[in-house]
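Q: starting from these lines, generate the structure:
(chains A and B)
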Amino acid sequence: MPEGIAEGIGASVRRKEDRKFITGRGRYTDDINRAGQLHAFFVRSDVAHAKIKSVDIKKAAAMDGVAAVYTGQDIADDGVGGLICGWVVPNRDGSATHEPPHPILAKDKVRYVGDHVAMVVADSLATAQAAAELVNVTYETLPAVVDLASAATAAEIHDGMANNTYFDWELGDEAATADAFSKAKHVVSATLRNNRLIPNAVEPRAAVAEYDHIADSYVLHSTTQNPHLLRLVICAFVLNIPESKMQIVAPDVGGGFGSKIYLYAEEACCTWAAKKLRRPIKWTADRTQAFLSDAHGRDHINKVQMALDDNNKIIGLRVDTLANLGGYLSAFAVVTPTYLHGTLLSGCYAIPAIYTNVKGMATTTAPVDAYRGAGRPEATFLLERMMNIAAAEIGMDPAEFRRINFIPKDAFPYQTAVALQYDIGDYEAPLDRALEMIDYKGFESRRAEAAKRGKYRGIGLSSYIEACGIAPSAVVGALGGRVGLYESAVVRVDPTGTVSVFTGAHSHGQGHDTTFAQIVADKLGIPLANVEIVHGDTNRIPFGMGTYGSRSLAVGGTAISKAVDKVIEKGKIIAAHMLEAADSDMEFKDGKFAVAGTDKEKSFGEIALSAYVPHNFPHDRLEPGLEETAFYDPLNFTYPSGTHIAEVEIDPATGVVTLVDWACCDDFGNLINPMIVEGQVHGGIAQGVGQALLENAHYDENGQLLTASYMDYCMPRADNFPSLQVDYTVTACTHNDLGVKGCGEAGAIASPPALINAVVDALSPLGVTDMTMPASPEKVWRAIQNAQTKAAE
Amino acid sequence: MNITIDINGKDVTAAIEPRVTLLDFVRDVAGLKGTHAGCEHGVCGACTVLLDGEAVRSCLILAAQAEGSQITTIEAVDGTTRQPGELSIIQDAFCESHGLQCGYCTPGMVLAAKTLLQHNPTPSREQVRDAISGNICRCTGYVQIIDAIMLAAERLQGRNQPADGA
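A: Numbers count the residues shown, from 1 in each chain, chains lettered A, B, ... in the order given. Sure thing, here's the model as predicted:
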């Protein structure tokens, strides 16, 4: 940048997108209304598992203002396809993942409370809702399947799917792992539970579907994280529409966290019915519908064994996981507990032998899919809990036990026992920094001081690694993925030198309008204000894969960087022509194309103008214009890592866990906008604190979701958090141009085990050795009471 | 029923069904989309507006109950003393401190902050934390929102002015 880095890479500039949001001028899907639009409301199953005997729509259809009532039979009669699974894995016996049909309206059977049974379309939402009450569904109820541990022997949920098991997958060397255990000095075992969460973006899902019968084309506004992926699935697999006839627009989207990746039944139904009725159709979820039918997250049982040698080095790890995937397989339900989980089991540690088996189980609960972190929080939780459990059993400080097992910084690239090759890292540096930030050495005096006040104080660490920037497409394909995972960018320079960037990534809070613009402004040496980022509209952007998995900067940002490089290369040839110099003598710096070693130069703006007013232009070599496209397919995942440390105090009278301090040091590679990165870290930690202390999706034994409102599902609030100490170390990613790794999920991955380790540490003087999530006041109070009773006996 | 509500200094009159909430009146009748529906049971605070200067949940109030009151929404929070498009001190502080990400809860947060600072111009961090604990934000972890409100409080007291005079 001519003015230094005031606006470029590394500067904490204010976000370009803030002005519309802070003034209430954001434009979200529910803000959109169309002339003549109808409103949809869905009749949902109120039982967890049943055969549908009949659906009587007569009274509802006859109600004033009702345009139509559709059932699963109507959908089936029209040849509409079902929702699909985007990634499958082989079973241990070589057979394939069982993919049962997932109709957009249930016809024969319902498989969770909230399953879609009928769609009422009316001239107002109130009328649609009232008419839905008149739809009479007769069910023959079947036993609910709620308990994950016993799901394999419970009532059959999908015809012909044995043991309610979608897949039974393995990774790693079972024999080598067994051998390691046979040689172990210590074997540490635990069964851990990763609780079920509901993502709860504050903006509920919504859709506005329009059909133009003259052009035979569609526009669907949707709260999606990935408009092109949505278009591909809805067109090619569900509604059989030419992709060129479908425009998907994801305008401002109020948070996603994974839950808005997938095509849902409601969007497909609205689009289908918009053609039937030749009227725009709008649907917006209320909060209860969001709780019932958004894809849930996590929900594992992990049986873990860790083998240690004489020197307290980990020599083997075995993990057997049951993953609750709910009543249907959601789009990325299979990959989340397998390739996004099993491959992370080496963590930051040199573990020579690892074996894992994952069984993906059906239950009569909502589908479970990727939620912030997606598989990696589950892997990190079990591993980082085991690190503390093992350290306690061998009587070693948990920080030192981690340190001696870290992959040394001179061992990169490091091939793990579970398929991944880490390109670079230095795990001791962030550990040391975080220990210093929280004053780890001074902890025991703080514990003693708290004890004088009648409080139990504890400290807990978590050293995590994650695999982000998904992914090399060829690797994904070889592992069962059915999509490519590159990202696209078009960089369009205008004649006056302003720049529009069309990106396939989608921003729903991450600040791409700013971060991406900083990359372009920095590389081209132009003001940030001259760069506009366009995303979220399939008619404007190149085919892109969208935003999830902390991939937008590492993959999407790199695509932008590569397209900018092409612009610069073309600009050099134009400038060389204008300056009558050789291409090879041209250099581009600080926004100027110059002949090396001379004062002959052309500004970026002059070259842009020349590209569009090509009077003096190398027509024999170049086409006019200055617009370049890049599709970037990464060479490897990126591997952010770091250490988070939680300090808590527990009030024995109430069992309330208060988070009193937090220190984290993350290695995200290079930072583009540290202010935005800090916000991402905070937000991730907040969701992890939610998982560890507050949130839990609870179904009763009949499969009724008891936590279907904010009165029952405890969301993190401002008073749950202290100030958070955040710092960074940097090892730059070796295989993308920007040296970046991604930061969006780190907090949610790192924080739950840090918190539970801290809670257990606080209660360890009482002999407490484990605590399930969430560490609610009731559970903590009971643990204290039980420990005290035991001590008294 | 016919009702008239003063929204942001303008009378908005409409024939509505008695069950219409103030939230729906603001969004669908007045056409002001900055007030958001998050939970519609009064728990998340995304629908916060000011009713006679006090923060209320517009999803829990019937439009008819607001007749005769002055409603202020996010669209008018910057007041009348500023140039169009210029941000209020509170809004500006939110941008400076990165107190917003997806923007959905933001209007409610800003109005909650405005009410707090009207009643307590020099709040402690703890008081700010309490004041916004009725508003759910899923993105930020709240720390930068609290930073923003503390910064706004200082600036409203004439301290810590931005270098560019914004």
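
Q: which strand residues bridge the closest residue to residue A:658 other than its chain neighbours?
A: Closest residue to residue A:658 apart from its sequence neighbours, by Cβ to Cβ, 6 or more residues apart in numbering or on different chains: residue A:649 at 4.9 Å. (C-beta placed from N, C-alpha, C; glycine too.) Under DSSP bridges, the beta-bridge partners of residue A:649 are residue A:457, residue A:658.

Q: and residue B:30, how far from chain A?
A: 12 Å (Cβ to the nearest Cβ, to the nearest Å).

Q: show me where chain B has helices.
A: Secondary structure of chain B (DSSP state H): helices located at B:22-24, B:89-96, B:106-119, B:125-131, B:143-156.

Q: any chance of those in TSV with mean neighbour count, distance to residue A:172 and mean pLDDT as columns?
A: Shown next, in TSV, are the helices of chain B (neighbours: other Cβ atoms under 10 Å in any protein chain shown; distance: least, Cβ to Cβ, whole Å; pLDDT from 0 to 100):
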stretch	mean neighbour count	distance to residue A:172	mean pLDDT
helix B:22-24	24	53	98
helix B:89-96	24	48	95
helix B:106-119	24	46	97
helix B:125-131	18	46	97
helix B:143-156	23	39	97
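
Q: dump these into TSV; add distance to residue A:270 as well.
A: Putting the helices of chain B into TSV (distance: least, Cβ to Cβ, whole Å) gives the following:
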stretch	distance to residue A:270
helix B:22-24	21
helix B:89-96	34
helix B:106-119	27
helix B:125-131	39
helix B:143-156	34
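
Q: of all those, which lies closest to residue A:513?
A: Evaluated over these, closeness to residue A:513 peaks at helix B:89-96, with 12.9 Å, by Cβ to Cβ.

Q: next, the residue of the stretch 1-150 of chain A found nearest chain B: secondary structure please.
A: The minimum distance from the stretch 1-150 of chain A to chain B, using Cβ to the nearest Cβ, falls at residue A:24 (2.0 Å). Secondary structure, DSSP: H, G, I helix; E, B strand; the rest coil: residue A:24 is coil.

Q: any idea which residue is closest to the centre of chain B?
A: Central residue of chain B (Cα atoms, centre = their mean): residue B:111, 2.3 Å from the mean position.

Q: that one contacts residue B:75, correct?
A: No: between residue B:111 and residue B:75 there is no contact under Cβ atoms under 8 Å: 11.0 Å.

Q: residues contacting the residue nearest to the centre of chain B?
A: B:48-50, B:55, B:72-74, B:77 (Cβ atoms under 8 Å, 6 or more residues apart in numbering or on different chains).

Q: which residues of chain B score low on pLDDT?
A: Within chain B, the segments meeting pLDDT under 70 span B:79-85, B:162-166.

Q: equivalent analysis for the stretch 151-300 of chain A, please.
A: Using pLDDT under 70, the stretch 151-300 of chain A has no residue that qualifies.

Q: how much space between the closest residue to chain B within it and residue A:545?
A: Residue nearest to chain B within the stretch 151-300 of chain A (Cβ to the nearest Cβ): residue A:254, separated by 3.1 Å. Plainly put, residue A:254 is 21 Å away from residue A:545 if you go by Cβ to Cβ, to the nearest Å.

Q: dump the residue contacts of residue A:319.
A: A:302-305, A:342, A:345, A:354-357, A:382.

Q: could those go into a markdown table alongside neighbour count and distance to chain B?
A: Formatted as a markdown table, these follow (neighbours: other Cβ atoms under 10 Å in any protein chain shown; distance: Cβ to the nearest Cβ, whole Å):
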| residue | neighbour count | distance to chain B |
| --- | --- | --- |
| A:302 | 26 | 26 |
| A:303 | 15 | 32 |
| A:304 | 21 | 29 |
| A:305 | 18 | 35 |
| A:342 | 24 | 28 |
| A:345 | 27 | 28 |
| A:354 | 26 | 33 |
| A:355 | 25 | 36 |
| A:356 | 25 | 31 |
| A:357 | 18 | 34 |
| A:382 | 28 | 24 |
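
Q: need those residues in CSV (columns: pLDDT and distance to residue A:778).
A: Converted to CSV, the contacts of residue A:319 look like this (pLDDT from 0 to 100; distance: Cβ to Cβ, whole Å):
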residue, pLDDT, distance to residue A:778
A:302, 98, 23
A:303, 98, 26
A:304, 98, 26
A:305, 98, 30
A:342, 97, 33
A:345, 98, 32
A:354, 98, 36
A:355, 98, 37
A:356, 98, 33
A:357, 98, 33
A:382, 98, 24
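
Q: narrow the residues you listed to those in strands?
A: The strands, defined by DSSP state E, take in A:302-305, A:354-357 from those.

Q: whichever residue of chain B sits closest to chain A and residue A:22: what is the separation?
A: Closest approach of chain B to chain A (Cβ to the nearest Cβ) occurs at residue B:34, with a separation of 2.0 Å. With distances taken as Cβ to Cβ, residue B:34 is found 10 Å from residue A:22.

Q: equivalent analysis for residue A:501, please.
A: When distance is defined by Cβ to Cβ, residue A:501 is 23 Å away from residue A:22.

Q: so which of those two has more stuff around it?
A: Between residue A:501 and residue A:22, counted using other Cβ atoms under 10 Å in any protein chain shown, the more crowded position is residue A:22 (30 against 25).
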